[in-house]
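>>> What would the 3D arrangement of this be:
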Amino acid sequence: MDALKNKIAANLTRVREGIADSAVRCGRDPASVRLLAVTKYSTMEQIRCLIELGCRDLAESRPQDLWEKAKQFETSEIRWHFIGHLQRNKVRRSLPLIHLMHSLDSLRLLQEICSEAKRVEKVFDALVEVNISGDQNKTGLLVSELPGLLEHAAGDSNVRICGLMGMAGLGASEDETRRSFALLRELREHMQSRFPQLPLADLSMGMSGDYPLAIAEGSTIVRIGSALFE
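Sure thing, here's the model as predicted:
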């Protein structure tokens with residue numbers, strides 16, 4: 001365990017320094033970028049090390065894994081994020097565990113979440129996932145579908161849309177990746193002016209291989225997995 005924890009500690013320090021350096025280079029406060037540790041391929045021992053090292057924001061992409069890991073690490077200190085596709089029939093069991101959902105990707109899912117949030121009399125926070133790469137294999141709303149979903153969300157007090165999430169295309173060049181991230185930032189700015197009642201403050205973009213580019217384009221949450229564990 002000591003060797004594993006030392007390895008993860010070194011990786012975590014490297015990532016945190018990389019985030020801070022990327023923010024400073026583009027004139028941003030490093031504290032304006034949050035690290036989200038993606039644990040979907042991690043063992044329980046690796047997750048335990050992360051928690052002991054001070055990571056409190058963890059992300060899963062499959063409902064069943066979220067349920068199991070939230071049960072294993074049942075503590076109010078951990079904020080579980082959900083970054084994968086959530087089927088509507090798993091909304092009721094998943095919502096109580098999720099601090100922030102990054103992958104709201106359809107009007108039907110929004111309606112299901114609104115209904116469940118009303119039932120339990122809670123306000124649920126979510127980011128809308130937008131397909132900014134044009135890759136048909138990626139999930140997320142089309143850019144043209146975003147205003148309609150936000151208009152629906154603006155009329156519901158039980159779901160709070162806190163921003164947008166997006167991913168660069170698989171195998172995209174550095175220029176293509178940066179353009180994708182810039183598109184998401186511009187979309188957020190445009191939608192914020194169109195829907196001022198929505199707190200669209202967050203941009204969840206950037207992963208282990210491209211987070212410096214995402215930070216340069218305004219990312220407030222970077223989703224890091226492999227760089228923490230490999």
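>>> ok, the closest residue to Cys26 other than its chain neighbours to Arg185 distance?
Taking C-beta to C-beta, 6 or more residues apart in numbering as the measure, Cys26 lies nearest to Ala216, with 4.7 Å between them; neighbours along the chain are not counted. All C-beta spots, glycine's among them, are computed from the backbone N, C-alpha and C. Taking C-beta to C-beta, to the nearest Å as the measure, Ala216 and Arg185 are separated by 10 Å.
>>> for the protein, what spans make up the strands?
Here the chain has its strands, by DSSP state E, at 34-38, 57-60, 79-82, 100-104, 124-129, 159-165, 202-204, 221-224.
>>> Tell me how many other residues surround the residue nearest to Cys26.
Other residues lying near Ala216 total 19 when counted by other C-beta atoms under 10 Å.
>>> again, but for Ser133
By the measure other C-beta under 10 Å, the count of residues near Ser133 is 20.
>>> Now the terminal residues of stretch 152-159, how far apart.
Terminal residues of stretch 152-159 are spaced 10 Å apart (C-alpha to C-alpha, to the nearest Å).
>>> List the buried residues of it.
Using 16 or more other C-beta atoms under 10 Å as the test for burial, stretch 152-159 gives 153, 156, 158-159.
>>> what's the answer for stretch 208-224, then?
Of all the residues in stretch 208-224, those buried under the rule 16+ other C-beta under 10 Å are 208, 210-224.
>>> And for stretch 137-156?
Buried residues in stretch 137-156, counting neighbours by 16+ other C-beta under 10 Å, are found at 138, 140-141, 145-146, 149-150, 153, 156.
>>> what separates Thr43 from Leu104, distance-wise?
Counting by C-beta to C-beta, the gap from Thr43 to Leu104 is 29 Å.
>>> which stretches of this structure form helices?
Remark: helices of the chain, listed N- to C-terminal, are 2-25, 44-52, 63-72, 91-94, 107-120, 146-154, 174-194, 211-216, 226-229; assignment by DSSP state H.
>>> quick one, which of those helices is nearest to Ile132?
Closest approach to Ile132 among those is made by helix 174-194 (4.6 Å; C-beta to C-beta).
>>> and the angle from that closest one to strand 124-129?
Helix 174-194 and strand 124-129 meet at an angle of 130 degrees, taking axes from the mean of the first three to the mean of the last three C-alpha atoms, to 10 degrees as the criterion.
>>> Next up, the contacts around the spatially most central residue of the chain.
The geometric centre of the chain, computed from its C-alpha atoms, lies nearest to His102 (C-alpha atoms, centre = their mean), at 4.2 Å. Contacts for His102 (C-beta atoms under 8 Å, 6 or more residues apart in numbering) come out as 59, 81-83, 126-127, 129, 165, 204, 221, 223.
>>> Give the closest residue to Met101 in space, chain neighbours not counted.
With C-beta to C-beta, 6+ apart, the residue lying closest to Met101 is Ala126, at 4.3 Å.
>>> measure that neighbour to Gln136 for me?
Separation of Ala126 from Gln136 (C-beta to C-beta): 24 Å.
>>> ditto for Gln72
Look at Gln72 and Gln136: by C-beta to C-beta, they are 36 Å apart.
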